[in-house]
Structure formats: structure tokens, C-alpha cells
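> Got a predicted structure plus its sequence, pasted below:
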Amino acid sequence: MHKHLYKRMHNLPRDARDTLFLLFVIAWIIAPQIAHLPVWCSAMAAGVLVWRGWLAVQGHPLPRRRWLMVLLLLATVGTYWSHKTLMGRDAGVTFAVVLLTLKTLEMRARRDAFVIFFLGFFTLLSNFFFSQSLPVAASMLIGMLGLLTAVVNSHMPVGRPPLRLAAKTAGWMALLGAPIMAVLFILFPRIAPLWGVPSDAMSGRSGLSASMKVGTIAELALDSSIAMRIRFDGAPPRQSELYFRGPVLSTFNGREWTPLRSAFPPRMQLPASVQVQGDPIRYQVTLEPNNRPWLLVLDATPAKPDIVGYTASMTPELQWLVDRPMSDLVRYRAESYPTFSHGPARMVTGLQDYLDLPPGLNPRTLQLAMDMRRDPRWAHADGTALVAAVMERLRTGGYTYTLEPGVFGIHAADEFWFDRKQGFCEHIASSFVLLMRALDVPARVVTGYQGGEANPVDGFWTVRQSDAHAWAEVWIAGQGWVRVDPTSAVAPGRTGSFQRLAAPSNVFAQALGTVSPAFAVNLRAMWEAVNNRWNQWVLNYSQARQFELLRNLGFASPSWEDLTYVLIALVVGVSLLGAAWTLWERSRQDPWLRLLQLAARRLAAAGLDIPANTPPRQMATLLQRHAGTTEAHKQTIVGWLLRLEAWRYAPHNATPDASRTLATLQREARQLPWPASRPSTSSSKL
């Protein structure tokens, strides 16, 4: 069956073969966008491509125009129904895909094929609206080579030239254009908002939220995608110190933690009051797009991170924010101090915000706090002793750390402390903070990322969405806010080593890990290192990197105008080098051959049939038979041709007089009475 199918495909007419190849390339270009297209659009595109392929194989005529108009009308209605508009990115991409596939149903001439080629290139570029990852870029490179192959193939002469010949030519074209592409990538000015993807391109990205419902961070544990990459200038800190601070949540309504909504005026709210000790940890962060305005840094970072293109500010809770959501890859540097203190050292009015409890909820937790206060051991205990007591309860009370604790009700803290005794980090942190508040100890929840893993290939530390974490901060008199991670009491391996709760992997990953766990780990590390290089050198090549390049070239205060000047100077310089190379090549060409080619062109213009590689003596013979030239002129030209041949093949052409003889022949060539050119017979008749 396979041999029969191959033979049938091999014996297809050239038009059918070329059509099937182009349809395959179009399907390849559209495939990465299926997840972003409406279902009806993907189904219509697939149906049209299959229909067009069947028509090509069977040799049937293309559908009439009225059918195309009906399909176009349905596509227009479907686009408006799906996107509520015919304008914008999503609607435009949907319509472009529909037009590209429908155009194949009226591909009758080369002109129609050229329209499909240009629509194909546009649709190919639209893939980058949704993703600029390395796999998508590699897929689009293959698609571009496929389209170039189709373009080259359409210009080949009649017959049945093999597709591999067109593919080879397309590959050389792409290879020759690569230096130009690289220069434009490096020097073309990146002027916002013309450069980059739209800000809504990352609206669907997962990550931390500005609020925390019990169970939301557990959902992130199922996501192994990368949140950020870290490169430390020196030795990395201990695993237990890798707390990357995100949103700080202080208001609880019984189901959800949100940022502080204080009842006090701003002047009574708490300042940061950061004090640091020891040497800082210097590092560089490459943050993946998350459409959030948060700069994730280690605790604590009193100085503004070095970030270009954004305005950063720190909240009183030590969280760094920028002026707009980060919808593209961002790189910044920071200095953090593991040893620090912040917040007021004595009790002030603003701390009352961190004692609020939702009324009527978690009565057993409140009773537990009252029982502890009646116990002589903790009746007059300070905050430090109470924290130690609650942590001891977590360590010895049979509490466990799990990714699937089940659904909690409105009395979530009661269920954790007395019923389930298991939970993920946000269950533990939330219950801990509520109990501390019930004990009259100000407390709040901090979310972010904890831990990470070093990539042995490139040395970067990788922090994943599965490293999302929630911990607590309590206020201690004389110390200020102190970090307390109650999860470390339940599962010390979560924060003290590389132990993580992993989501079930797919069948392929499980099989690969079973056969060779080390190979699976190394393969993943290698891929992430390659992907990191793509992020560092391509996606994160911003205007700041361009200006840094100009500073290295000697520009004191570079701007995008300087980039334009450098680009123009480079283009002009390369053009001059190309012209000089052309002149050098011409000077190296045999001057005798140039004279012979001149004679062949002049005689051919007069109507003589001059075959390729005709020697001077044969040209002279053909000229003597030509009836359109006077005998005197013939003899002059024939004599010149015979002397040209004698110069080439006679023994004296190596003598000192040979160069003078050649110069004489060159001078005479411009003065010879060449036959008049024959008028063209292809002019239009008026």
C-alpha cells in the first residue's frame, strides 16, 4: 500500500505536486496557532486545505467564485461572533488564516500563487504575537524555508525540476541573507511601541496573583514552567535563604487574602524602616513575562534594582513594583541582604491592621488561642515564645505537607488545625497567621518563590512556578517584622533542600526517567540552558543592550539616532566594499576574454548566430557570410579578429611588446565599424 501511494504521488503532474507541497507548508505555518484560533477557524482551515489537496490529486476543477464568497461571508460572521470585532490582533490573525486558506481555492495562475506566498509570510510572522519561544522560532524558520522553496520552485522552467533543487537554492538564499538579518537585528532602533509584542500577549500566563485563595498556590505546583532565572555574581546563598518576595497580603475576609486595606490614614501606616547588615548578595534576574508589575527580589533589597525602561518603587511591605505590567522578558540586577530588619521596633497604632480577624469564622482556632493564653506557660509569653509554641505544635502534632489536601470550607483554619492536619504551603501559612492574630501577635502572609535549582550546564539558577510559596511574617517587639515559615516545621525538606512536591509527569517523561533518570535530568538541563541563551541574547536584546553596544564603540551618551547613523554607515561601508570587490574581480578577469565577449555581443546584436565559446577565427568566418555589412568593414573587423586570435595563441604573446599589442587591440575595438544592430521585431503594433 505504501509503495502504491508513493508511486502515485511520484507520478502526479507537476502542478498537483507543487500544490500539495504548498498546502503542507501552509498547514505547518498555521499549526502553532491552533491553540489561539477559534475552533471553527481551525476546522475551516483544515477542511479547505484537505479539499484543495483532493482537487489537486484528482485533477478536478476549482470551485466557482460564488462558493468562495459564501465561505468568506461565513468566515467574516464567525470572526465577528468570536472576537466581537473585525479589528485588533486576535481578529486580524483569525481573518488572515481564513484568507490564506481560501485563497488556495482560486490558485489558477502564478499571480495567485504569489498572493499566497505573501499571505503565508504574513501569517508566519503573526505566530510571534502569541509566543517568541525557541521552539516556535525554530518551527517558523522551517516554515520560512518551505515558503522560499515554493517561491523558487514557481520560478523554475517548465518540466519537473526536483523540489530538493529548489530547497537547496532557498537554503542558500537564506544563508546569504543571514548576515543582513543579523546586522538589522543588532542595530535597527527599537523604538517603543513599534518594537515588541502587544501588551496583552501575555494575558494568559500563569503565576502569582495579587490575592490568595486557599488552594491557588497549590495549583501552581502543577506548573513546571520557568518563572525566572538567576545568575549570582559569587557563590549562591543557602537554599533556606532563597526567598523571592512577591505580594504581601494582610487583609482576610474569610476566604481570600488581599493586600492591606487600612482603616487608618496614611500618616499612621507603617513605614518600611529597613536596616541591613553584612555583605550583600549581588545577582541578575531574567524574569519571564507574567503581565504583573512585580519585581521579584530576595529579602531584603533596600536599593532600587537596576532595570531599564521601567520606574521602580518599594512599598512599605518591602515589595518592589514597576509602573506597568511586564509583558515581555525583563532582565535586571539587584543587591539583597539576607540579614536585615524592618518595621517599627515598638507597638504603634498601624500594627492593629495586622490583628484583624473575620468575625464569626474559625471559632475553634480562636478557642485554641484562648486556651494557650490561659496556660501558665504562655500566659505572659512574648511573641517569640508564642511563635516557638505554634511551630512546635506543627512539628509534633501529626501535620503533613501535601499537594492534594482537598477542598476547605469557610472555617479553613479550624479544618487544618483540628480535622485534616494536612495542607499545602498557603493552607499552613494562612492558618498560622490567623492563630498568631488570635494570640494578639501582628502577622501577615507573604507570597513569592522559595528555592530553585542550579543548572549544571550554564550555572544559572532556575526558579519555576512550582516553587511558588507562601510564608508568614510576625511582628516581635524590639525586632520588627520577622520571617517565619511554618511549612518548614511540617516539611523541613521543602525549604532546606531541593525536595519538592512534583506533579505527575506525562507518559513519555515517566518512561524516559525510568530508563535513565540521569539522562532525563541532563537532557532537561541542556534544553533549559539553550532556551536561556535564546532568552538572554535574542528576546532580551533590548534598546538598553543596543545602547550598551554603542557605549562600547565609544559613544558617550548613545541614542536611537546614533543607532541609525551607525546602521547607515555600516550599509554604506558594505556597499563600498561590494563595489570595490566587483571592480577587483573585473580587473582579475582575462582582458582577452572581455574583448572576445565584446565582439560576440556586437555581432550577435547585428543578427549573427554566435554560439557560446566561439573562437575569433570562426567569428570572422560567420561575419564574411553576413550580407548586412560592406566588404571594407568586413575586412577591417576580420583583420582585427585574426590579430586577436594571433595574440592569444602565437608564441610572442609573452614578450614585452605583448601588453602594448593588447592595449592597441582594446583601443581599436572601440573604433571598429561594427555592423549595425538589427531592429527588434517584438515591439507592439499600434
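That came in fine, so what should we check first?
> quick one: average pLDDT of the helix or strand Leu49 falls within?
Leu49 is located in helix 39-58, with elements delineated by DSSP states H and E. Summarised as a single mean, pLDDT over helix 39-58 is 86.
> Give me the distance between Val383 and Leu351.
In this structure residue 383 is Gly, not Val. 11 Å (CB to CB, to the nearest Å). C-beta coordinates here come from the backbone N, C-alpha and C atoms, glycine included.
> Identify the contacts common to those two.
Trp475 (CB atoms under 8 Å, 6 or more residues apart in numbering).
> These two: which has the busier surroundings?
Gly383 (20 against 16; other CB atoms under 10 Å).
> give the contact list for that one.
Taking CB under 8 Å, 6+ apart, one finds Val441, Val474, Trp475, Ile476, Ala477 in contact with Gly383.
> Narrow those residues to just the buried residues.
Burial by neighbour count, 16 or more other CB atoms under 10 Å: within these this picks out Val441, Val474, Trp475, Ile476.
> And stretch 26-33, what's buried?
For stretch 26-33, by 16+ other CB under 10 Å, it's Ile26, Ala27, Trp28, Ile29, Ile30, Pro32, Gln33.
> Now name the helix or strand holding the fifth one.
Assigning secondary structure by DSSP H and E places Ile30 in helix 14-30.
> what angle sits between that helix and helix 39-58?
160 degrees (axes from the mean of the first three to the mean of the last three CA atoms, to 10 degrees).
> which residues are in contact with helix 14-30?
Against helix 14-30 from outside (CB under 8 Å, 6+ apart): 9, 12, 37, 42, 45-46, 49, 52-53, 56-57, 59, 97, 100-101, 104, 107, 113, 116, 120, 123-124, 127, 139-140, 142-143, 146-147, 149-150, 153-154, 159-160, 163.
> how near is Arg245 to Glu453?
Relative to Glu453, and taking CB to CB, Arg245 is found at 19 Å.
> Tell me which of these two has more neighbours.
Neighbour tally, Arg245 and Glu453, criterion other CB under 10 Å: the higher count belongs to Arg245, 24 against 17.
> For that one, grab phi and psi.
phi -80, psi 130 (degrees, to the nearest 10).
> Residues contacting stretch 113-125, please?
22, 25-26, 29-30, 93, 96-97, 99-100, 103-104, 107, 140, 143-144, 147, 150-151, 154.
> Show me how to select, in PyMOL, the buried members of the residues you listed.
Buried members of the contacts of stretch 113-125, identified by 16+ other CB under 10 Å, are gathered into one PyMOL selection as follows:
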select buried, resi 22+25+26+29+30+93+96+97+99+100+103+104+107+140+143+144+147+150+151
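> Could you tell me the model confidence score at Ala544?
pLDDT at Ala544 comes out at 65.
> Now do Ser327: how many residues are near it, please.
Neighbours of Ser327 (other CB under 10 Å): 19.
> can you check Glu631 too?
Neighbour tally, Glu631, other CB under 10 Å: 8.
> same question, Ala663
11.
> SS state for it?
helix (DSSP: H, G, I helix; E, B strand; the rest coil).
> Which residues are in contact with it?
Taking CB under 8 Å, 6+ apart, one finds nothing in contact with Ala663.
> circling back to that earlier point, pick out whichever of the contacts of Gly383 sits closest to Thr79.
Taking CB to CB as the measure, Thr79 lies nearest Val474 of these, at 54.8 Å.
> does that closest one really touch Pro442, like I thought?
Yes: contact criterion CB atoms under 8 Å: Val474 and Pro442 qualify, at 6.8 Å.
> tell me which helix or strand of the chain sits lowest on mean pLDDT?
helix 507-515 (a mean of 48; mean pLDDT, DSSP states H and E).
> and Leu298, bridged to which residues?
Applying DSSP bridges to Leu298 gives these bridge partners: Phe244.
> burial of it, as a residue count?
Here the number of neighbours of Leu298 (other CB under 10 Å) works out to 23.
> again with Gly578
Around Gly578 there are 10 residues (other CB under 10 Å).
> Please shift the residue numbers so they start at 5 in all later answers.
All set: I'll call the first residue 5, so the last point we hit is now Gly582.
> Doesn't it lie inside a helix?
Yes: Gly582 forms part of a helix when assessed by three-state DSSP.
> and it, how far is that from Ile184?
12 Å.
> Secondary structure class of the spatially most central residue of the chain, three-state.
Centroid-nearest residue in the chain: Gln136, 2.2 Å away (criterion: CA atoms, centre = their mean). Per three-state DSSP, the secondary structure class of Gln136 is coil.
> What pLDDT does the model give it?
For Gln136, pLDDT reads 73.
> same deal with Val252?
93.
> What of Pro275?
Reported pLDDT for Pro275: 78.
> so what's the residue lying closest to it once chain neighbours are set aside scoring on pLDDT?
Nearest non-adjacent residue to Pro275, counting by CB to CB, 6 or more residues apart in numbering: Pro320, 5.7 Å away. Per-residue pLDDT puts Pro320 at 89.
> Buried ones in stretch 452-467, by neighbour count?
Result for stretch 452-467 [16+ other CB under 10 Å]: buried residues 452-457, 459, 461-462, 464-467.
> before we move on, what about stretch 309-317?
Pro309, Ile311, Ala316.
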